[in-house]
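Participant: Need coordinates for the following:
(one chain, ligands or ions: 1)
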Amino acid sequence: MITELRPMPPSFEMRAPQTTLLLEVDRLKAYYKTQLFGVDREVRAVDDVSLKVSRNEIYGLAGESSSGKSSLIKTIAGAIRPPLRVIEGSVRFNFKDGERDIYKLSPQELSAIRWSHLSYIMQGSMSVLNPVRRIKHAFVDFALPHVNVKGADFTNLVERHLKRVHLDPAVLQAYPHELSGGMRQRVTIALATVCGPEFIIADEPTTALDVIVQKGVLLMLREIQQELKSSVLFVTHDMAVHANLTDRLGIMYAGRLVEEGRTRDLFKKPLHPYTAHLISSLPRIGDEAPKKGLEGTPPSLANPPPGCRFHPRCPLAIDICRREAPPMVEILPGHRAACHVAQADPTRVETVT
Ligand SMILES: Nc1ncnc2c1ncn2[C@@H]1O[C@H](COP(=O)(O)OP(=O)(O)OP(=O)(O)O)[C@@H](O)[C@H]1O
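Facilitator: Next comes the predicted model:
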């Protein structure tokens, strides 16, 4: 974990505003439907989520464990397997060669856009590297079918890409166990980006790494994103990583998106009490005040509470919060939150911390 918040680097401030929409997720619901001893069970892991990601943007997704982050991005990537099912909603990508509605594509059409248009670095994705095969085979298996070159030209393309991400092309001859954890993660990012995808989804790619190696991998991801001008959907529960890497940030709680805005706006003025808690629990150098934990536990997504799902833990909860689910509303320019209290008075959330 990175333990210190630093200002965004100049590259972030200077990046030209980019408004062309690349991903549009509309009212998406995806539930795990299981049966236990003949009794149906439904876990509402993604419950009515809408979000948009622009070209050349790093969009972060945060929230505590079990809030539905992985389920949401698997659904966005079209990488779901039973018992997870899409119940409602749509996932549309506006790629340069045309629009794709992920859940209207055939399996062949979906596999044709993987790696070249849309790549997905899964949690624990280092396991995509076969322990008994050299790294070069992973590039041949995953990337070769998606590029127009073969033989020596393909090797040149891979070697050029490895250099671009500061990896010695000699890694191609190595077995995964001969590389450090940081190098293996760099290799998986190189694999996911070698075909120049327009959209990269990364699920906790640096969580298992120590802080120094993590910083190097994040820097590499940002460099490659800027070079390819791709968009990234980056998931981690680590708010300090979001502060350093992402342009915009969405906060998930109990299967719902509860706040979204520019990362610096969220850190400066959170509009949802849950976000305020996440930010205030970050350690800061010189701040010796004891950190208050959030009372209670996240609700069961098989039986979530009525109204706002955060209300049983919310210090600001009022009557309406127990009855009615708050809609996501733009409260400040480009800054949305699903909170009855903040919608009535955005300054109230400041009193949470
Ligand atoms: N295969 C499954 N069958 C039933 N429920 C599942 C399954 N996988 C996940 N869930 C449930 O879906 C909910 C959301 O899980 P998910 O893994 O998406 O959360 P997350 O925010 O990514 O958590 P983490 O940060 O720990 O990875 C949780 O309640 C989880 O128990």
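Participant: C-alpha only now, for contacts and for neighbours.
Facilitator: Noted.
Participant: For stretch 188-200, report the contacting residues that lie outside it.
Facilitator: Stretch 188-200 is contacted from outside by 95, 115-121, 125-126, 128-129, 138-139, 142-143, 146-147, 158, 161-162, 165, 221, 224, 228-233, using Cα atoms under 8 Å, 6 or more residues apart in numbering.
Participant: now do 7 Å
Facilitator: Residues outside stretch 188-200 that contact it (Cα atoms under 7 Å, 6 or more residues apart in numbering) are 115-121, 126, 139, 143, 146-147, 158, 161-162, 165, 228, 230-233.
Participant: Can you tell me which of the residues you listed end up in strands?
Facilitator: Within the contacts of stretch 188-200, residues falling in strands by DSSP state E are 118-121, 231-233.
Participant: Tell me which two in these are the farthest apart.
Facilitator: 121 and 231 (13.4 Å; Cα to Cα).
Participant: residues contacting whatever residue of the stretch 201-350 of the chain ends up closest to the ligand?
Facilitator: Closest residue of the stretch 201-350 of the chain to the ligand, Cα to the nearest ligand atom: residue 301 (5.4 Å). Residue 301 sits next to 43-45, 254 when contact means Cα under 7 Å, 6+ apart.
Participant: Can you tell me the SS state at it?
Facilitator: Put simply, residue 301 is coil when judged by DSSP: H, G, I helix; E, B strand; the rest coil.
Participant: follow-up on the earlier one: can I have the buried ones of the contacts of stretch 188-200 as a PyMOL selection?
Facilitator: To isolate the buried members of the contacts of stretch 188-200 in PyMOL, using 16 or more other Cα atoms under 10 Å:
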select buried, resi 115+116+117+118+119+120+121+126+139+143+146+158+161+162+165+228+230+231+232+233
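Participant: And the pLDDT at the residue of the stretch 201-350 of the chain closest to the ligand?
Facilitator: Residue 301 carries a pLDDT value of 94.
Participant: ditto for residue 229
Facilitator: Here, the pLDDT recorded for residue 229 equals 92.
Participant: per-residue confidence at the nearest residue to it once chain neighbours are set aside?
Facilitator: Distance criterion Cα to Cα, 6 or more residues apart in numbering; nearest residue to residue 229, sequence neighbours excluded, is residue 56 at 5.0 Å. As predicted, residue 56 sits at a pLDDT of 94.
Participant: tell me which element residue 56 is part of?
Facilitator: For residue 56, there is no enclosing helix or strand under DSSP states H and E.
Participant: surely it meets residue 227?
Facilitator: No - Residue 56 is beyond contact range of residue 227, at 9.7 Å (criterion: Cα atoms under 7 Å).
Participant: which of those two has more neighbours?
Facilitator: Set residue 56 next to residue 227 and count neighbours by other Cα atoms under 10 Å: residue 56 wins out with 25 against 12.
Participant: how far away is that one from the ligand?
Facilitator: To the ligand, residue 56 is 24 Å away according to Cα to the nearest ligand atom, to the nearest Å.
Participant: Over to residue 77?
Facilitator: Applying Cα to the nearest ligand atom, the value for residue 77 to the ligand is 13 Å.
Participant: pLDDT value on that residue, please?
Facilitator: The model's pLDDT for residue 77 equals 94.
Participant: After whichever strand or helix holds residue 336, which helix or strand is next?
Facilitator: Following DSSP H and E, the helix or strand that holds residue 336 is strand 335-337. Per DSSP H and E, the first helix or strand lying C-terminal to strand 335-337 is helix 340-344.
Participant: tell me the average confidence for that next one?
Facilitator: When pLDDT is averaged over helix 340-344, the result is 96.
Participant: chain center to it: distance?
Facilitator: 27 Å (Cα atoms, centre = their mean, to the nearest Å).
Participant: buried sites along it?
Facilitator: Of all the residues in helix 340-344, those buried under the rule 16+ other Cα under 10 Å are 340-343.
Participant: Then stretch 259-277?
Facilitator: Residues of stretch 259-277 classed as buried: 259-267, 269-277 (neighbour count, 16+ other Cα under 10 Å).
Participant: try stretch 173-185
Facilitator: With burial defined by 16+ other Cα under 10 Å, the residues of stretch 173-185 counted as buried are 175-176, 181-185.
Participant: Mind listing residues that contact it?
Facilitator: Stretch 173-185 has contacts (Cα under 7 Å, 6+ apart) with 126, 129, 131-136, 209, 213.
Participant: And the chain, what are its domain boundaries?
Facilitator: 10-246, 256-284+291-352 (automatic domain parsing).
Participant: got the ones in strands among the contacts of stretch 188-200 as TSV, with distance to the ligand columns?
Facilitator: TSV is the format used below for the ones in strands among the contacts of stretch 188-200 (distance: Cα to the nearest ligand atom, whole Å):
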residue	distance to the ligand
118	20
119	18
120	14
121	13
231	20
232	17
233	13
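Participant: Of the buried residues of helix 340-344, which is the nearest to residue 247?
Facilitator: Using Cα to Cα, residue 342 is the member of these that sits closest to residue 247, with 22.7 Å.
Participant: The closest one: what's it in contact with?
Facilitator: Counting by Cα under 7 Å, 6+ apart, residue 342 makes contact with 271-272, 348-349.
Participant: how about CSV for the residues you listed, with secondary structure added?
Facilitator: Shown next, in CSV, are the contacts of residue 342 (three-state DSSP):
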residue, secondary structure
271, coil
272, coil
348, helix
349, helix
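Participant: Show me what from the protein comes close to the ligand.
Facilitator: Counting by Cα under 6 Å from any ligand atom, the residues of the chain close to the ligand are 32, 43, 45, 64-71, 301.
Participant: When you compare pLDDT across the ones in strands among the contacts of stretch 188-200, which one is lowest?
Facilitator: Lowest in pLDDT among the ones in strands among the contacts of stretch 188-200 is residue 121, which has 86.
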